[in-house]
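Trainee: pasting a predicted model and its sequence here:
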Amino acid sequence: MAYILAIAGSPAHPSRTYSILEYATKILQQEGFQTDIISVRDLPPEDLTFGRYDSPALEPSKALLQKADGVIVATPIYKASYTGVLKAFLDLLPQRALSGKVVLPIATGGTLAHLLAIEYALKPVLSELRARHLLGGVYAVDKQLQIQPDGSLQIDEEIDQRLKDALHEFVQSVKNFQPVAQELARAS
């Protein structure tokens, strides 16, 4: 069974970013995938701030990432870029942390003005971590994702369809890429 790790880059909780990841992982579980979500806001702030690469508190997250076949990285967009807490976490990962993994970026933002932040801010960093099978991504405007009083997420029909289409491509890519990645691992 393929394993998917979702990384939530929001400094706030609850958040639309975390909620869309929960929604996405439920869809992936229905497809037979095992999933986990890491919320970087729950990692020790002093380890992130002081760049403690060798922090024992980061080892469980790094281990989950290492075993993942696919990774979803989700972040709110502030000031035309992903969050600082996500950047601090990504900076502490090994150089090849995303090698051999299918990666789907998801971003949320206040307006369409930040739509290209996935392409020009997030994807270059993911590529630097050796993400070579990097999918297009999904950007949702805040008004398309409404957290209800009971904590559930109400998703606009248009973004729901785009997310489901992206997850379908993600599922197919992970299924197709998994045998290749396993063969490469055996060869090395």
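Mentor: Alright, I've got the coordinates. Please read these numbers as outputs of a predicted model, since none were measured by experiment.
Trainee: which stretches of this protein form helices?
Mentor: Secondary structure of the chain (DSSP state H): helices at 16-30, 45-49, 59-67, 84-91, 117, 123-128, 157-187.
Trainee: taking the centroid of the protein, which residue is nearest it?
Mentor: In the chain, the residue lying closest to the centroid (C-alpha atoms, centre = their mean) is residue 73, at 1.4 Å.
Trainee: what bridges to it?
Mentor: residue 7, residue 105 (DSSP bridges).
Trainee: pLDDT weak spots in this protein?
Mentor: For the chain, the stretches with pLDDT under 70 are 178-188.
Trainee: thinking again about what came up before, so which of the helices of the chain comes closest to residue 105?
Mentor: Comparing the helices of the chain against residue 105 with C-beta to C-beta, the closest turns out to be helix 123-128 (6.5 Å). C-beta here means a position set from N, CA and C on the backbone, and glycine is covered the same way.
Trainee: what's the residue nearest to the centre of the chain in contact with, if anything?
Mentor: When contacts are counted by C-beta atoms under 8 Å, 6 or more residues apart in numbering, residue 73 touches 7, 9, 86, 103, 104, 105, 106, 122, 126.
Trainee: of the residues you listed, closest to residue 33?
Mentor: Checking the contacts of residue 73 one by one against residue 33 (C-beta to C-beta), the nearest turns out to be residue 104, at 12.4 Å.
Trainee: that closest one contacts residue 137, correct?
Mentor: Yes: counting by C-beta atoms under 8 Å, residue 104 touches residue 137, with 6.7 Å between them.
Trainee: overlap in contacts, the two.
Mentor: residue 166.
Trainee: the more surrounded of the two?
Mentor: Each of residue 104 and residue 137 has its neighbours counted (other C-beta atoms under 10 Å); residue 104 has more, 27 against 21.
Trainee: separation between the more buried one and residue 169?
Mentor: From residue 104 across to residue 169, the span is 8 Å (C-beta to C-beta, to the nearest Å).
Trainee: between the two, which contacts overlap?
Mentor: Joint contacts of residue 104 and residue 169 (C-beta under 8 Å, 6+ apart) are residue 135.
Trainee: quick revisit: nearest to residue 39, of the helices of the chain?
Mentor: Closest of these to residue 39 is helix 16-30, at 6.3 Å (criterion: C-beta to C-beta).
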